[in-house]
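In: quick one, what's the 3D model for this:
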Amino acid sequence: SRRWGFGSTPCEATAGGGEAADQPEDWRSFRNRLVLQENNVPEVVPSPGSGDDEDWAHEIWKAEPGCVLLANPTKFRGGQQSFFRKGAILLVEHDNAVGSVGFLLNRPTTFVVGDVAPSLALFANCPLHIGGPVGDGLQFIHRIPDVHGSAEVMDGVYYGGDLRHAAYLVRQLGVTREGMARLAASFRFFHRYCSWGPGQLSRELSNSTVGAPLDPPSPVWFTAATAPGLAFEGDSQGVRERTDSDLWNTILRRMAYRPMGLGGR
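Out: The predicted structure is shown next:
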């Protein structure tokens, strides 16, 4: 399980590269084109200045690393469960026999990394998010390949690794103060994470009775494949000023059609 953070020991895994990097088009992008063609939906043109070549999302029928779980709003209405209401979780690990790990993408805090880890000067101004209800320490995703011990969870999006080596790469690649700040901003930091035991997420993705007793059976989560840039949506515009439901609504708007249970077919 790759729940690494500051002070962790890098493992033997390497980031990115390999055969996937040699492909002319990421397989998720290709699948998205097929979904659009099947449903006669025109491709969405990226918004000006978004910095991403693609801007898309569509429903998929089972969980996979790199997908986003959208909370079913009928399942999280009050009390402790309201923590997940309109949550959008990036799944970074998924093996039905072992379990799953993910990070809430839309629970920003008023803190920055420097408030909890003053020694990480290079990342001190990066916003800090609540990644979930379990675990401890700093976790992170980023867009810089070759960080020791990181894993690519979707095209150009990496999970975990050795933060000291990440800081070294930021300094080497950034060159100038402005360049280093730009690269450091490509990291998203989380306190804690979401976790599921063996088979648990698959049960929650099936028609479940979790929620109000009289609700008709429906999934706890809806599963979406998204363009890689959506995992970092809003960071450049000041993520702490966004509301928790913004990303959840954004992904739904960009889906070719809404899933069953959210006004879809």
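In: please enumerate the helices of the stretch 1-150 of the chain.
Out: Ranges of helices in the stretch 1-150 of the chain, per DSSP state H, counting those that start in this stretch, are 18-22, 27-38, 113-116.
In: ranking the ones you listed by mean pLDDT, which is last?
Out: When the helices of the stretch 1-150 of the chain are ranked by mean pLDDT, helix 18-22 comes last with a mean of 42.
In: what's the local residue count around the residue nearest to Ile144 when sequence neighbours are not counted?
Out: Among residues not flanking Ile144 along the chain, Leu169 sits closest, at 5.8 Å (Cβ to Cβ, 6 or more residues apart in numbering). Using the backbone N, CA and C atoms, a C-beta is placed for each residue, glycine as well. As a burial measure, Leu169 scores 18 neighbours (other Cβ atoms under 10 Å).
In: isn't there a strand covering Leu169?
Out: No - according to DSSP: H, G, I helix; E, B strand; the rest coil, Leu169 belongs to no strand; its state is helix.
In: for it, give me its contacts.
Out: Contacts for Leu169 (Cβ atoms under 8 Å, 6 or more residues apart in numbering) come out as 144, 146-147, 183.
In: repeat the analysis, applying 10 Å as the threshold.
Out: 142, 144-148, 161-162, 183 (Cβ atoms under 10 Å, 6 or more residues apart in numbering).
In: residue ranges for the strands of the stretch 1-150 of the chain, please.
Out: Ranges of strands in the stretch 1-150 of the chain, per DSSP state E, counting those that start in this stretch, are 57-59, 68-71, 88-95, 99-104, 108-112, 127-130, 134-142.
In: of the ones you listed, which is nearest Gly229?
Out: strand 57-59 (10.8 Å; Cβ to Cβ).
In: and the gap between the closest residue to Phe103 other than its chain neighbours and Glu152?
Out: Nearest non-adjacent residue to Phe103, counting by Cβ to Cβ, 6+ apart: Gly131, 4.0 Å away. The spacing between Gly131 and Glu152, counted by Cβ to Cβ, to the nearest Å, is 19 Å.
In: just checking, Thr176 touches Arg182?
Out: Yes - counting by Cβ atoms under 10 Å, Thr176 does reach Arg182; the two are 9.2 Å apart.
In: who has more neighbours out of those two?
Out: More crowded of Thr176 and Arg182, by other Cβ under 10 Å: Arg182, with 14 against 8.
In: buried residues in the strand or helix carrying that one, which are they?
Out: Using DSSP states H and E, Arg182 sits within helix 177-184. Under the neighbour-count criterion of 16 or more other Cβ atoms under 10 Å, helix 177-184 has 180, 183-184 buried.
In: ok so, going back, give me the buried subset of the contacts of Leu169.
Out: Buried by 16+ other Cβ under 10 Å: 142, 144, 147-148, 161-162, 183, out of those.
In: quick one: contacts for the spatially closest residue to His142 that is not a sequence neighbour?
Out: Nearest residue to His142, sequence neighbours excluded (Cβ to Cβ, 6+ apart): Phe187, at 4.3 Å. Applying Cβ under 10 Å, 6+ apart, we find Phe187 in contact with 113, 120, 122-123, 126-127, 140-144, 147, 158, 163, 166-167, 170, 232, 235.
In: any idea how far Leu169 is from Phe187?
Out: For Phe187, the distance to Leu169 (Cβ to Cβ) stands at 11 Å.
In: quick check: phi and psi on the residue lying closest to Leu205 once chain neighbours are set aside?
Out: Using Cβ to Cβ, 6+ apart and skipping residues adjacent in sequence, the residue nearest Leu205 is Pro219, 5.3 Å away. Per-residue torsions, Pro219: phi -60, psi 150 (degrees, to the nearest 10).
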